[in-house]
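Undergrad: let's see this in three dimensions:
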Amino acid sequence: IIVAEFHKKIKEAFEVFDHESNNTVDVREIGTIVRSLGCCPSEGELHDLIAEVEEEEPTGYIRYEKFLPVMTKVLLEKRYRPVSEDVILRAFEVLDPAKRGFLTKEELIKYMTEEGEPFSQEEMEEMLSAAIDPESNVIHYKDYITMMVVDDN
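TA: Now for the predicted structure:
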């Protein structure tokens, strides 16, 4: 029963991007499809997943028949789960040693584009539009975390 539910969800998510209705999607849409199914892979993990579902000779398109079994396995194994609220909070607190409860826009941009797996310009703009309080120009991270955490139910 669980597998049938997963198949239905995967098919629905895939069909949103199957613009030609030919059971293929552009490989660049796979990340969006995977994330719409509640998974949060890193870019490296996403790259590995794409390699698993791509044809021997990459065409730029992913076929549903190859995507379905791999994605079903990912969901059954609960791979790429989002991190919990308290882990995200602790990460923000590390970046805020003065315990102010906020980061400035400049601090946020610096941390998100120069450390670890850097955000692209587009990702940064998306985050800022959601995270920054327009009046104070800072991110009150506790409020932001509450807004962005995925509810598992």
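Undergrad: domains of the chain?
TA: 2-76, 85-148 (automatic domain parsing).
Undergrad: tell me which of these sits most buried.
TA: Highest mean neighbour count of those: domain 2-76, a mean of 15 (counted as mean count of other Cβ atoms under 10 Å). (Glycine included, C-beta is placed from N, CA and C.)
Undergrad: and that domain, how far apart are its ends?
TA: Using Cα to Cα, to the nearest Å, the end-to-end distance of domain 2-76 comes to 8 Å.
Undergrad: chain center to that domain, what's the gap?
TA: 13 Å (Cα atoms, centre = their mean, to the nearest Å).
Undergrad: I'd like the mean pLDDT over that domain, please.
TA: Domain 2-76 comes out with an average pLDDT of 95.
Undergrad: how about stretch 141-153?
TA: Computed over stretch 141-153, the mean pLDDT rounds to 75.
Undergrad: which stretches in the chain count as helices?
TA: Using DSSP state H, the helices of the chain run over 2-17, 30-36, 43-53, 64-76, 85-95, 105-114, 121-131, 141-148.
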